[in-house]
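K.L.:
can't give you the sequence, but here's the structure:
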């Protein structure tokens, strides 16, 4: 009988969770009406944050964001949301999230508008490590994002297409230098753009027990 290695099993579990085949109930992190549970991140030269039409609007500034005020899991979770770039040409859906005792940022639309990747892995940011990939984002279009974090892997999807599948075992996971650490433990940020966020929710996944 063929032996199935641990990595294959974990990938199967993670992919099943992302398809909705395992994991707990989804918990909303945004009520569509207020910023309850969130605070405006104290970035320098940030834009205005407001709720409008069922969405959180991150106004254009040097760096504008929101940070979750409550507790959040360190691993074994999945988070999904929708985001749109309304104005500007840089990242509009940066999400900073816990990874064990550290944190990482999933950048979407950075470095001139197209780079997707994780900042940082082993000291290299989303434009430099193996998760870096180009993605054409259409201004004014809403995209769905899904992020899955376990002790072994970080995986991410845009509109149900996998864009990141990073094995982080033995890797140094941390944040890029600068003010992004103000987004800890969980936060969203946009750089020199106006962005919209909606339908933010998370759940624990069965892989947390591994």
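P.N.:
Yep, it's here. None of the values given here were measured: they were computed from a predicted structure.

K.L.:
rest of the way, CA atoms for contacts and neighbours
P.N.:
OK.

K.L.:
what mean pLDDT does stretch 127-134 have?
P.N.:
For stretch 127-134, the mean pLDDT works out to 97.

K.L.:
Run the chain-centre distance for that stretch.
P.N.:
15 Å (Cα atoms, centre = their mean, to the nearest Å).

K.L.:
Show me which residues of that stretch are buried.
P.N.:
For stretch 127-134, the neighbour count (16 or more other Cα atoms under 10 Å) marks 127, 129, 131, 132, 133, 134 as buried.

K.L.:
Which of these fall in strands?
P.N.:
In this view, the buried residues of stretch 127-134 that belong to strands under DSSP state E are 133, 134.

K.L.:
what are the ranges of the helices in this protein?
P.N.:
Remark: helices assigned in the chain by DSSP state H are 6-18.

K.L.:
lowest average confidence, helix or strand, in the protein?
P.N.:
helix 6-18 (a mean of 48; mean pLDDT, DSSP states H and E).

K.L.:
Looking at the buried residues of stretch 127-134, which two lie furthest apart in space?
P.N.:
Using Cα to Cα, those span at most 12.7 Å, a distance reached by 129 and 134.

K.L.:
how about low-confidence regions in the chain?
P.N.:
1-22, 207-210 (pLDDT under 70).

K.L.:
so how many other residues sit close to the closest residue in space to residue 139 that isn't next to it in sequence?
P.N.:
Closest residue in space to residue 139, ignoring its immediate chain neighbours: residue 85 at 5.3 Å, by Cα to Cα, 6 or more residues apart in numbering. Using other Cα atoms under 10 Å, residue 85 is surrounded by 26 other residues.

K.L.:
try residue 24
P.N.:
For residue 24, using other Cα under 10 Å, the count is 15.

K.L.:
residues contacting it?
P.N.:
If you count contacts by Cα atoms under 8 Å, 6 or more residues apart in numbering, residue 24 has them with 203, 204, 205, 206.

K.L.:
From the residues you listed, pick the one nearest residue 95.
P.N.:
residue 203 (16.0 Å).
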